[in-house]
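Visitor: Coordinates only, no sequence provided:
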């Protein structure tokens, strides 16, 4: 192919007008009919619309930005032009007139990329603030915000079928988004050059015209082609570029591709033959290219703002082109590349060698489809992944791998650390507590056994080592911190059996061995139980009376997913209250397992997802933290957690765990559910709402456990009531967001979830202030229904539905209600709430009042009862009297006989007898079992 004519014309100058020769990122576009050429520069706030037929005519200039224009995009029908700028704005124009239409959106940082979808109804915008906005061009509304990149987004491309959006950032990560769900379909990490330091060079991605292939600049001065559906690397175009490719463009028929590199040359490729068939060198780097929709013409623009047209003849293969390395390894030279499936090897080829080459060249991707496909190909070739991918080795939570000559952690938990360092053939172990006042100061210990794992709690520490020595024996040793007897330390030896994991609890020590034995000892060394587990152990952890053990169910799946299950043993009662499968993020493995400070079972996998176990839905794991949501290049080594915080140590690549010296610093991270981007823009509030609901569920479970053991649960009343008040405040803020976002149905749903009557009245005032009368009327109806149901006593809190020694019978509920009436609480009282509606998910708790308020309320209610009484209230009193006139009230563990003539409604008695009646009721209340949902009186 020969060059007919190529002359570059100046289209843009620097924003300050001087010739400082600083490179800028420049853009060029053709319209659909090839009647106009549009150019822009990041050093010039103007946009130029040129006439390619008469280049001497002055261009039409659009001056609406206040800073350089960094991105251009034309709708497929060429009627709408979009521009993005360093001034953080995205603007729309009519085309080709150039009439300004609207500022469609603004970002917090400069824009770097724009793209229209196939229909032109949506434009995607992205830039330095890492978020990608999908904007409706009809009304300018933001349809979705995509977040997943950890660097400035520099390239966007909708696929021609309008199913996916491909994006790339300045650190070389490519993400493929599914437009319908807004989720990430594929992730290709570090497959493109890192250009974060040079804004005149931006990574780009481009779909082939048929949408089957995604082209991405590679790390070997090449262009890599990926499969649309699986994100597998199909082949690469590698020729005479001596520096990274900085821009690429498909020809309209998909047969050719133009690539420009930092080496200031353009190569024209025959994609099917994988050969570069022509080239052209320039004085400056080419930052933008666009094929003419009709004819073999390529428009180019360099980093100095000069543009030109390269007219090409029919292609002829050149001798300098080279076949890509990947194609040479996989394909025969005479065969074209199959874009859907790589050709299977012939029987004469060495399968092991080629499989290794293939796996080394494939990019690191997190898609399950790719792993599944690779495993299927390998199984077809007789070398299945089942033989190459092993099950996860057993590990001790809080322990780091051994390092020659360096101190390492045998245990690191919320209480303290156990460290060891080898010296002269022996090891020296030190135990330190985070809070020096919480535990004794212990001298260092000389380790003659070579312990590799340990566990620590308030009572003592346990150590173990793998099989070693001539007799191939493994040792388990327990050291209490204090004891009334001398020589309370003990040890056990295992011949032909190796300790894999150890754990501690209240007065017990556990060790899981290579024979899948769970060995349980007392803290004095008595061997209590030996239990056979179903599979090899992965890890274990202890908390008070509970021991949680994770074992392998089977070999890894072909997708390399670990198959794990957990069991929780109650050592004191000899039961197994919990068991089930342990969920992990696809392609990950378990790296931490334990209990929170409140005793909630938790796990953390290698993908950075923290999960906690809850009794909701029959027992489920909830993802309460995701490291991918944190805008940081750091990884986290988990130490522990509480109800709201994750305690961890952060470290950066290439480290895989923290070092003992210098002493690591604990980081506290907020627990946060991986909520989807809401149309309300209130992700933080929705996350708080879910967390509060989870905490309320935990309180319910603790109350159930205590009630089942016939224990008093009043100690949890304050905690529960405060949590409900906190949840109500969160719901009120969510209601305000729904009203502002015109989501009234959602606001009504939230109103029904309010627990306190005061909060419900506050919601009514809120919507009234926002001038939403219809919604206020609905809120009033919900409140009235709540009060009527409470007065009838037909609703019970979810917390009241469990069975146990403190469970309430219907008579108990009626007597409790009558006692509340006798204390002078009326329907308008705001601090005391009755039983909640079954439609509510949050339980209600009764908050106590002081004695003076009770007496004052008694006097007021007695006076009101003398003067007048509404029929409805009289009926309530009569109903209460009927309940109280019962000969016997059955209680748990005792029977209380009550004379009916002594139990009448205090509101109907004279003031002279009021004190006597109140005394009787107090006596009745003192003999009844404690209500787990009501605070004790002062």
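Guide: Thanks, I have it. Owing to the predicted nature of the structure, the values given are computational and were not obtained by experimental measurement.
Visitor: which one is residue 276 nearest to, not counting chain neighbours?
Guide: Setting aside the residues directly before and after it, residue 276 is nearest to residue 239 in space (CB to CB, 6 or more residues apart in numbering), at 3.9 Å. C-betas here are computed from N, CA, C, even on glycine.
Visitor: Is it correct that the one you found falls within a strand?
Guide: No - for residue 239, which was evaluated using DSSP: H, G, I helix; E, B strand; the rest coil, the result is coil, with no strand membership.
Visitor: distance of it from residue 275?
Guide: Distance, residue 239 to residue 275, using CB to CB, to the nearest Å: 8 Å.
Visitor: can you count the residues close to the residue nearest to residue 276?
Guide: By the other CB atoms under 10 Å criterion, the neighbourhood of residue 239 contains 22 residues.
Visitor: Test my guess that it contacts residue 269.
Guide: Yes - between residue 239 and residue 269 a contact is recorded at 7.4 Å, counting by CB atoms under 8 Å.
Visitor: show me where pLDDT drops low in the stretch 351-500 of the chain?
Guide: 351-389, 424-425, 439, 468-472 (pLDDT under 70).
Visitor: Helices of that one, residue ranges please.
Guide: Taking DSSP state H, counting those that start in this stretch to define them, one finds helices in the stretch 351-500 of the chain at 351-361, 368-380.
Visitor: And for the chain?
Guide: Secondary structure of the chain (DSSP state H): helices located at 325-330, 351-361, 368-380, 683-708, 717-740, 744-752, 757-769, 773-792, 810-822, 851-867, 871-884, 914-927.
Visitor: which one of the ones you listed has the lowest average pLDDT?
Guide: The stretch with the lowest average pLDDT out of the helices of the chain is helix 325-330, scoring a mean of 36.
Visitor: List the buried residues for stretch 93-111?
Guide: Along stretch 93-111, these residues count as buried under the neighbour rule (16 or more other CB atoms under 10 Å): 93, 95, 96, 98, 104, 105, 107, 110, 111.
Visitor: how about the residues you listed in JSON lines, adding distance to residue 296?
Guide: Output for these, formatted as JSON lines (distance: CB to CB, whole Å):
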{"residue": "93", "distance to residue 296": "29"}
{"residue": "95", "distance to residue 296": "25"}
{"residue": "96", "distance to residue 296": "23"}
{"residue": "98", "distance to residue 296": "28"}
{"residue": "104", "distance to residue 296": "35"}
{"residue": "105", "distance to residue 296": "37"}
{"residue": "107", "distance to residue 296": "38"}
{"residue": "110", "distance to residue 296": "35"}
{"residue": "111", "distance to residue 296": "32"}
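Visitor: Looking at those, spot the one nearest residue 643.
Guide: residue 107 (36.0 Å; CB to CB).
Visitor: Show me what counts as buried in stretch 539-556.
Guide: Buried-residue list, stretch 539-556, by 16+ other CB under 10 Å: 539-543, 546-552, 556.
Visitor: ditto for stretch 253-262
Guide: Judged by neighbour count using 16+ other CB under 10 Å, the buried positions of stretch 253-262 are 254, 256, 257, 258, 259, 260, 261, 262.
Visitor: what is residue 511 paired to in the beta sheet?
Guide: Bridge pairing for residue 511 (DSSP bridges) gives the partners residue 502, residue 519.
Visitor: tally of neighbours for it?
Guide: Burial of residue 511, expressed as a neighbour count using other CB under 10 Å, amounts to 26.
Visitor: residue contacts, it?
Guide: The neighbours of residue 511, taking CB atoms under 8 Å, 6 or more residues apart in numbering as the test, are 462, 464, 476, 492, 499, 501, 502, 503, 518, 519, 521.
Visitor: Next one: it from residue 491, what distance?
Guide: Counting by CB to CB, the gap between residue 511 and residue 491 amounts to 11 Å.
Visitor: any shared contact partners between those two?
Guide: Taking CB under 8 Å, 6+ apart as the contact definition, residue 511 and residue 491 share the neighbouring residues residue 476.
Visitor: what about the residue nearest to residue 754 when sequence neighbours are not counted, how many residues close to it?
Guide: Leaving aside its chain neighbours, residue 754 sits nearest to residue 760 (4.9 Å; criterion: CB to CB, 6+ apart). Burial measure for residue 760: 23 neighbouring residues, criterion other CB under 10 Å.
Visitor: Residue 760 reaches residue 751, doesn't it?
Guide: Yes - Residue 760 is in contact with residue 751 according to CB under 8 Å; the separation is 6.9 Å.
Visitor: what's the closest residue to residue 246 other than its chain neighbours in contact with, if anything?
Guide: Using CB to CB, 6+ apart and skipping residues adjacent in sequence, the residue nearest residue 246 is residue 201, 4.8 Å away. With contacts defined as CB under 8 Å, 6+ apart, residue 201 is in contact with 25, 195, 246, 262, 285, 287.
Visitor: Need the max-distance pair from the residues you listed.
Guide: 25 and 262 (13.0 Å).
Visitor: buried stuff in stretch 403-420?
Guide: For stretch 403-420, the buried set under the neighbour-count rule, 16+ other CB under 10 Å, comprises 407-420.
Visitor: Figure out the length between the terminal residues of it.
Guide: Taking CA to CA, to the nearest Å, stretch 403-420 runs 10 Å from one end to the other.
Visitor: outside of it, which residues touch it?
Guide: 396-402, 421-422, 427-434, 438-439, 447, 451-458, 461, 463, 594, 597, 639-640, 647, 658-661.
Visitor: Buried by neighbour count, from those residues: which ones?
Guide: Among these, those classed as buried by 16+ other CB under 10 Å are 396-400, 421-422, 427, 429-431, 433, 439, 447, 451-457, 461, 463, 594, 639-640, 647, 658-660.
Visitor: Go through those residues and flag which are in strands.
Guide: 421-422, 427, 429-431, 433, 447, 453-456, 461, 463, 594, 639-640, 647 (DSSP state E).
Visitor: Identify the residue nearest residue 398 in space, chain neighbours excluded?
Guide: If you skip the residues right next to it in sequence, residue 398 has residue 412 as its closest partner in space, 4.2 Å away by CB to CB, 6+ apart.
Visitor: where's the one you found relative to residue 220, distance?
Guide: According to CB to CB, residue 412 and residue 220 sit 42 Å apart.
Visitor: what do you get for residue 413?
Guide: From residue 413 across to residue 220, the span is 46 Å (CB to CB).
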